[in-house]
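**Student:** need a structure here:
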Amino acid sequence: MATRPMKTEMLATQTPALLETAVARAVALLRAGELVGLPTETVYGLAANALNAEAVARIFAVKGRPSHNPIIVHVASLEMARRCVAAWPPLAQKLADAFWPGPLTLVLPRAADIPAIVTAGGPTVGVRWPSHPVIQAVIGQCGFPLAAPSANLSNRISPTTAEHVRQGLAGKIRLILDGGHSQVGIESTVLDLTVQPPRVLRPGMIHEASLRAVTGGLAPGRGEAGHEAAVLRSPGMLKKHYSPQAALAIRSWRDDADLEFQISNLKFPKQRTHVLTHTQIPSRAGWGQVSIMPRQPAAFARSLYVEMHACDRAGAELIVVEAVPAGAEWRGIADRLQRAAA
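**Tutor:** Numbering: from 1, shown residues only. This next block holds a predicted model:
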């Protein structure tokens with residue numbers, strides 16, 4: 001028998017009184033083993049008590065998430081982070097001092113209290129202290145860490161607004177807290193500290209130069225990828241991820257004629273093709289939509305998922321994204337685009 005959809009409530013948080021009410025409601029649900037959509041500075045997360053295996057299992061069920069894809073654990077203090085791991089090396093402390101609260105996840109040996117379902121059965125856990133005040137307040141009042149992957153159906157575009165969460169998960173969860181637009185816009189950088197030198201498993205907006213300044217060096221490459229690894233140490237390593245409903249193609253072009261020729265080979269109607277461009281701006285004539293993206297990487301990252309969601313809502317069949325520049329500042333963005341286009 002099909003489960004009846006539940007009523008999904010969305011609560012504002014922009015005043016102290018509204019925040020107090022929203023946090024209290026979220027904490028009550030999380031303590032009861034329910035799921036809550038919460039804002040972080042990267043993307044919105046679908047949160048459950050990380051110490052409650054049954055609650056975490058609901059995340060996998062609601063998202064349709066593969067069981068071999070681990071979930072990051074979110075904390076609100078260094079003390080809580082240390083309780084989630086079996087070892088806290090000096091380098092973890094140095095990185096936490098430099099980047100927490102913020103969009104950096106550290107992979108370390110998991111503590112016995114962290115259920116195996118959180119780590120996809122693996123011996124390590126990704127831990128992050130997010131900087132958004134709403135999720136900080138919720139975790140602080142809960143007193144336990146939260147398992148919180150992105151609040152969307154598996155492999156779809158991550159949400160960066162509460163409305164994105166509602167569009168994807170209405171009827172599947174009881175509560176979403178509206179904390180405004182996510183300020184980073186793509187998921188956290190993930191750094192594996194169980195190998196020496198440390199290895200970036202998922203690039204993000206904290207890039208290699210900043211990490212090297214603290215670690216002294218990084219291992220080349222990104223570790224295991226896709227289904228090749230027996231146990232994934234981080235989310236965001238599957239070949240296809242972060243995908244819109246529309247097909248997505250990454251292209252570079254010289255001019256309008258070159259772009260039209262390349263797209264004609266893809267066999268999508270021009271009027272259903274949306275273009276996200278930052279340098280070579282085509283004429284708007286005939287395209288479903290042309291959106292001009294920021295040329296600075298931080299602003300581009302904030303805009304990317306917003307624009308992809310808008311393309312899907314507008315009925316795009318193909319999204320053409322102008323290739324981003326090479327370089328460390330753009331690596332996290334390039335990674336998301338490549339996986340979305342896979």
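
**Student:** now the helices for the stretch 151-300 of the chain?
**Tutor:** 162-169, 208-215, 256-264, 297-313 (DSSP state H, counting those that start in this stretch).

**Student:** mind putting the ones you listed in TSV, distance to A86 included?
**Tutor:** From N, CA and C alone the C-beta is placed, and that goes for glycine too. As requested, those are exported to TSV (distance: least, Cβ to Cβ, whole Å):
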stretch	distance to A86
helix 162-169	33
helix 208-215	20
helix 256-264	51
helix 297-313	33
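
**Student:** T15: which of those is closest?
**Tutor:** Nearest to T15, of all those, is helix 162-169, at 15.7 Å by Cβ to Cβ.

**Student:** how far does the closest one sit from its chain's centre?
**Tutor:** Centroid separation between helix 162-169 and its chain, computed with Cα atoms, centre = their mean, to the nearest Å, is 14 Å.

**Student:** same question for stretch 106-117.
**Tutor:** 20 Å.

**Student:** that one: end-to-end distance?
**Tutor:** 18 Å (Cα to Cα, to the nearest Å).

**Student:** H164 against Y44, yeah?
**Tutor:** Yes: counting by Cβ atoms under 8 Å, H164 touches Y44, with 6.8 Å between them.

**Student:** report pLDDT for the residue of the chain positioned farthest from its centre.
**Tutor:** Centroid-distance maximum for the chain: A257 at 35.5 Å, with Cα atoms, centre = their mean. On the pLDDT scale, A257 is placed at 92.

**Student:** between the helices of the stretch 151-300 of the chain, which has the poorest mean confidence score?
**Tutor:** helix 256-264 (a mean of 92).

**Student:** okay, buried residues for that helix please.
**Tutor:** For helix 256-264, a neighbour-count test (16 or more other Cβ atoms under 10 Å) marks 259-260, 263 as buried.

**Student:** low-confidence stretches in the stretch 1-150 of the chain?
**Tutor:** 1-4 (pLDDT under 70).

**Student:** show me where it has its strands.
**Tutor:** 9-12, 36-38, 45-49, 73-74, 104-109, 124-128, 146-147 (DSSP state E, counting those that start in this stretch).

**Student:** show me what the fourth one is packed against.
**Tutor:** With contacts defined as 3 or more Cβ pairs under 8 Å, 6 or more residues apart in numbering; DSSP states H and E, the secondary structure elements packing on strand 73-74 are strand 124-128, strand 146-147.

**Student:** closest one to P66 among those strands?
**Tutor:** So among the helices and strands packed on strand 73-74, strand 146-147 is nearest, using Cβ to Cβ, at 15.2 Å.
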